[in-house]
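# Here is a sequence together with a model predicted from it:
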Amino acid sequence: MRDVEIIEEELMEISAIADDSVKFERIIAWCASHPDEVPFAIHSFMSGKHHKPTAPTAS
């Protein structure tokens, strides 16, 4: 497996894509290119490491 920081950086770049269809295509391509890192990526997303804090809404 490659360096964790590199993997996380790539995943963050993909998650920043606004167009869902392009994002989906990039996810598929990333998974096909790095199949041994998919479990790590899923674990990272499930643990909330990649969730950006949302801006507070005015109420």
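All right, it came through fine.
# give me the low-pLDDT residue ranges for the chain?
49-59 (pLDDT under 70).
# quick one: the longest helix along the chain to chain centroid distance?
In terms of residue count, the longest helix belonging to the chain (DSSP state H) is helix 20-33. Its chain's C-alpha centre and that of helix 20-33 lie 10 Å apart, by CA atoms, centre = their mean, to the nearest Å.
# what residues are up against the residue nearest the centre of the chain?
For the chain, the residue nearest the mean C-alpha position is residue 11 (3.3 Å; CA atoms, centre = their mean). For residue 11, the contact set (CB atoms under 8 Å, 6 or more residues apart in numbering) comprises 30, 41, 44-45, 50. C-beta: built from backbone N, CA, C; applies to glycine.
# what secondary structure does residue 6 sit in?
Each residue gets one of three states, and residue 6 gets helix by DSSP: H, G, I helix; E, B strand; the rest coil.
# Can you get me a residue count around it?
Using other CB atoms under 10 Å, residue 6 has 11 neighbouring residues.
# Now do whichever helix or strand comes after the longest helix of the chain: which elements does it pack against?
Downstream of helix 20-33, the first helix or strand assigned by DSSP states H and E is helix 38-46. Applying 3 or more CB pairs under 8 Å, 6 or more residues apart in numbering; DSSP states H and E, we find helix 38-46 packed against helix 4-15, helix 20-33.
# can you pull the buried residues of the last one?
The one in question is helix 20-33. 26-27, 30 (16 or more other CB atoms under 10 Å).
# same deal with stretch 38-49?
40-41, 44.
# Touching that stretch from outside, list them.
Contacts of stretch 38-49 (CB under 8 Å, 6+ apart): 1, 4, 7-8, 11, 30-31, 50.
# how about CSV for these, with distance to residue 17 added?
Shown next, in CSV, are the contacts of stretch 38-49 (distance: CB to CB, whole Å):
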residue, distance to residue 17
1, 24
4, 21
7, 17
8, 16
11, 11
30, 11
31, 15
50, 13
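# what's the closest of those to residue 19?
residue 30 (15.6 Å; CB to CB).
# re earlier: make a markdown table out of the buried residues of helix 20-33 and add distance to residue 19.
Output for the buried residues of helix 20-33, formatted as a markdown table (distance: CB to CB, whole Å):
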| residue | distance to residue 19 |
| --- | --- |
| 26 | 10 |
| 27 | 12 |
| 30 | 16 |
